[in-house]
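[1] all I have is the shape, not the residue letters:
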């Protein structure tokens, strides 16, 4: 499980919070965990949901179940057919104070959009079916009748061969590959 945060500031605790949520959901000793796990960030300039992508990679089969993963291990995380399109992405408006959030399921091409009447508490959900990742901003703008500068990065894991030599990296460690299906963040 790889979580990619597109808009978090350097040394943000959001990825740690997300990791904790995933561990709680995966812990079968906890009686029940339901609904969506959402990572929030509290910045000095106002509240806004974080934008992230969650991708599934295969466990290194040669390592066994008791293997403790380390980022410095020289392995390549691969993707089987069942994981290739099983990415989930969170979508947020580009402006602070907007109480909207969306979740996009890549394989299903489904967009779950949580909102409230008159920009109030997000207590309603609209599901958009058969939506390609690149259509999300237009679909949401048409639904709301306003352009909220949607921030999204939709990614999916990809198969990649392990290479000992990677341009620009002196000591290669763990490697993974992913594809960007859609992105509205400006090139910087």
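    Sure, I can see it. Only a predicted model underlies this, so the values are computations on that prediction, with no experimental measurement involved.

[2] show me where this structure has helices.
    14-26, 81-84, 136-144 (DSSP state H).

[3] lowest mean pLDDT across those helices, which one is that?
    Ranked by mean pLDDT, the helices of the chain bottom out at helix 14-26, with a mean of 67.

[4] for the residue sitting nearest the centre point of the chain, give me its contacts.
    The chain has residue 53 as the residue nearest its centroid, 1.4 Å off, counting by Cα atoms, centre = their mean. For residue 53, the contacting residues are 3-4, 6, 87-90, 153-155, 178, by Cβ atoms under 8 Å, 6 or more residues apart in numbering. All C-beta atoms are positioned from the backbone trio N, CA, C, and that covers glycine.

[5] now list the buried members of those residues.
    3-4, 6, 87-90, 153-155, 178 (16 or more other Cβ atoms under 10 Å).

[6] can you tell me which two in these are farthest apart?
    Based on Cβ to Cβ, the longest span within those runs between 90 and 178 and measures 15.8 Å.

[7] okay, now residue 101: neighbour count?
    By other Cβ atoms under 10 Å, 21 other residues sit near residue 101.

[8] now do the one 3 residues further on
    Per other Cβ under 10 Å, the neighbour tally for residue 104 reads 24.

[9] you'd agree residue 88 is up against residue 102?
    No - taking contacts as Cβ atoms under 8 Å, residue 88 lies outside contact range of residue 102: 10.9 Å.

[10] before we move on, the earlier item: and of the contacts of residue 53, the nearest to residue 114?
    The closest of the contacts of residue 53 to residue 114 turns out to be residue 90 (Cβ to Cβ; 10.5 Å).

[11] any idea how far residue 3 is from the closest one?
    10 Å (Cβ to Cβ, to the nearest Å).

[12] before we move on, what about residue 123?
    Taken as Cβ to Cβ, the span from residue 123 to residue 3 is 26 Å.

[13] just residue 84 next, same as before
    Distance, residue 84 to residue 3, by Cβ to Cβ: 17 Å.

[14] excluding chain neighbours, what is closest to residue 56?
    Once flanking residues are discounted, residue 56 sits nearest to residue 83: 4.2 Å by Cβ to Cβ, 6 or more residues apart in numbering.

[15] should've said residue 72
    Spatial nearest neighbour of residue 72, chain neighbours left out: residue 173 (4.6 Å); criterion: Cβ to Cβ, 6+ apart.
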